[in-house]
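> Got a sequence here, can you build the structure:
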Amino acid sequence: MKITDVKCAVIASSPVIRITTDEGITGWSQIETPKPYLQPIVLQLKSWLVGQDPVNVERVVKRIRVRGGFKPFGAAVSAIEIALWDIAGKAANLPVYRLMGGKVRDQVRTYRTLYHNEAGVKHTPDDYRRWAEYGMALEGGFTMFKLPTSFHSSMVRDFPDFHYGAVQHDAPFPYPHKGLLSEDGFNHMVACVRAAKETLGSRHGLAVDAGPGFLVHDALRFAKAVEDLHLLWIEDMITGDYVPHVSAHNYREVTPHTTTPIHTGEQIYLRQNFKELIETRAVDVIGPDPCDVGGIAELKWIAEYADLHGIAMAPHGTANGIFGLASLIQVCATLPDNLIAFEYPARFEPFWYDITEGFDGMPVRNGLIDVPDRPGLGVELIAAKARKYLSEGDADFFD
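Below is the predicted model of the structure:
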């Protein structure tokens, strides 16, 4: 089998990858919704791929792995790797999980990140109580939620003098704030998180997405202040989303000194860049994103290595779309018992269920998803229904 073409179309701001072969098998995948600008990055890899045998996934990915980097620049390589696994599964008439060692669980647990604008609330303790009530009423019966707050939210702008840095209202990149928290800002943040967890109660787990942006001593102070809340983890306080480095040494100044689990890793590309975090136990939980880390085989390798070192796994995936959801289900079915849950890709429009085959609507029940046995990733884009969502420049995507 040979790859004959690589195409990428932007549908509702999400780059969708289509890899075709000379045997009529098509592989699909997707890049995070907020990254339409990566379309040309995918297409410039075409010449490195055409003519290669797609079922030799590692051999093909080795040709392009050098062309990736920390978030967002590992996404093109990652998405291509996932589409190759889709082809390999279809060629063998097997679900991808069967090609990755087989499943160790029939259902995978997923957690829901819930943004304040979705719940229609702001950043006061009363708003955080309403946030928790909204989450518990969501379809799917989610048992775990992640709360964006502090530097990972508009709290920096909404609460006067939250920190001692300059507030940026027009930053050209996400989560630009960093610096020393004011005492009032710190106390307000803790009160909000406490209100959310007390509303959720003990039957619903709460993770907190708080950065990046914390100084080390504030990170430790925050983690210790919420130790009694039994949080799932605090995520990305020091480094994280769109930060092009790891800084494991800073996390080592926090993690050993608190009982609150510390989490990071969504922006990291490749296993090599998780090595210090894992081997020095700089964090308790890691969260690579299959659509940024280099693909699903890369994520599985990292999970296995983390398990050897007693570190838990909670993969990122908030905006990975319907193909990202399919890939997370497949790989998480194969992960060792250090898997907590993966982040549900909630940030895509309902019409995706109409233009694809594979899911009968939103698949979460009681916070769990049944692992499907369909070949490949188990999801197919329906050309006849998806064409109307293509831009004029992508009109030949299905040709």
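
> Count the residues that sit near residue 32.
For residue 32, the count of nearby residues is 28 (other Cβ atoms under 10 Å). In short, each C-beta sits where N, CA and C put it, glycine included.

> Wait, it touches residue 343, no?
No. The criterion here is Cβ atoms under 8 Å, and residue 32 misses it with residue 343 at 11.6 Å.

> what's the spacing between residue 148 and residue 260?
17 Å (Cβ to Cβ, to the nearest Å).

> which of these two has more neighbours?
Remark: of residue 148 and residue 260, residue 260 carries more neighbours, 24 against 20, as counted by other Cβ under 10 Å.

> can you give me the helices for the stretch 101-250 of the chain?
For the stretch 101-250 of the chain, the helices defined by DSSP state H, counting those that start in this stretch cover 116-119, 125-136, 155-158, 183-200, 216-225, 248-251.

> Now these in CSV, please, with extra columns for mean pLDDT.
Below are the helices of the stretch 101-250 of the chain laid out as CSV (pLDDT from 0 to 100):
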stretch, mean pLDDT
helix 116-119, 96
helix 125-136, 98
helix 155-158, 97
helix 183-200, 98
helix 216-225, 98
helix 248-251, 98
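
> Mind checking those helices for the one nearest to residue 286?
Evaluated with Cβ to Cβ, the helices of the stretch 101-250 of the chain place helix 248-251 nearest to residue 286, the distance being 10.7 Å.

> picking up where we left off before, among the helices of the stretch 101-250 of the chain, which is nearest residue 397?
Nearest to residue 397, of all those, is helix 116-119, at 29.8 Å by Cβ to Cβ.

> In the closest one, which residues are buried?
Using 16 or more other Cβ atoms under 10 Å as the test for burial, helix 116-119 gives 116, 119.

> what does that helix rub up against?
The list of residues contacting helix 116-119 from outside it, by Cβ atoms under 8 Å, 6 or more residues apart in numbering, reads 122, 123, 127, 130, 131, 134, 135, 148, 153, 154.

> wait, what's in contact with the second one?
So that's residue 123. Counted by Cβ under 8 Å, 6+ apart, residue 123 has contacts 116, 149, 153, 154, 155, 158, 159, 192.

> Repeat the analysis, applying 10 Å as the threshold.
When contacts are counted by Cβ atoms under 10 Å, 6 or more residues apart in numbering, residue 123 touches 116, 131, 149-150, 153-159, 162, 188-189, 192.

> who wins for most neighbours among these?
Sorting the contacts of residue 123 by how many neighbours each has (other Cβ under 10 Å) puts residue 150 first, at 32 neighbours.

> what about the nearest residue to it once chain neighbours are set aside, distance to residue 245?
Nearest residue to residue 150, sequence neighbours excluded (Cβ to Cβ, 6 or more residues apart in numbering): residue 210, at 4.3 Å. From residue 210 across to residue 245, the span is 18 Å (Cβ to Cβ).

> Can you lay out the helices of the stretch 101-250 of the chain as JSON lines showing distance to residue 297?
Below are the helices of the stretch 101-250 of the chain laid out as JSON lines (distance: least, Cβ to Cβ, whole Å):
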{"stretch": "helix 116-119", "distance to residue 297": "32"}
{"stretch": "helix 125-136", "distance to residue 297": "33"}
{"stretch": "helix 155-158", "distance to residue 297": "37"}
{"stretch": "helix 183-200", "distance to residue 297": "35"}
{"stretch": "helix 216-225", "distance to residue 297": "32"}
{"stretch": "helix 248-251", "distance to residue 297": "23"}
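
> Tell me which of those helices lies nearest to residue 281.
Nearest to residue 281, of all these, is helix 248-251, at 9.4 Å by Cβ to Cβ.

> what sits against the nearest residue to residue 190 once chain neighbours are set aside?
Spatially, and ignoring its direct neighbours in sequence, residue 190 is nearest to residue 225 (5.1 Å; Cβ to Cβ, 6+ apart). By Cβ under 10 Å, 6+ apart, residue 225 lies in contact with 186, 187, 189, 190, 193, 194, 258, 260.

> Can you give me the neighbour number for the fifth one?
The number of residues packed around residue 193, counting by other Cβ under 10 Å, is 24.

> My guess is it contacts residue 223. True?
No. Assessed by Cβ atoms under 10 Å, residue 193 is found out of contact with residue 223, at 11.1 Å.

> Mind listing the shared neighbours of these two?
In contact with both residue 193 and residue 223: 208, 210, 231, 234, using Cβ under 10 Å, 6+ apart.

> returning to what we had before: which pair in the contacts of residue 225 has the greatest spatial separation?
187 and 258 (18.0 Å).

> and those two? which has more neighbours close in?
Ranked by neighbour count (other Cβ under 10 Å), residue 187 and residue 258 place residue 258 first, with 19 against 12.

> measure that one to residue 228 for me?
On the measure of Cβ to Cβ, residue 258 and residue 228 end up 12 Å apart.

> Cool, thanks, signing off.
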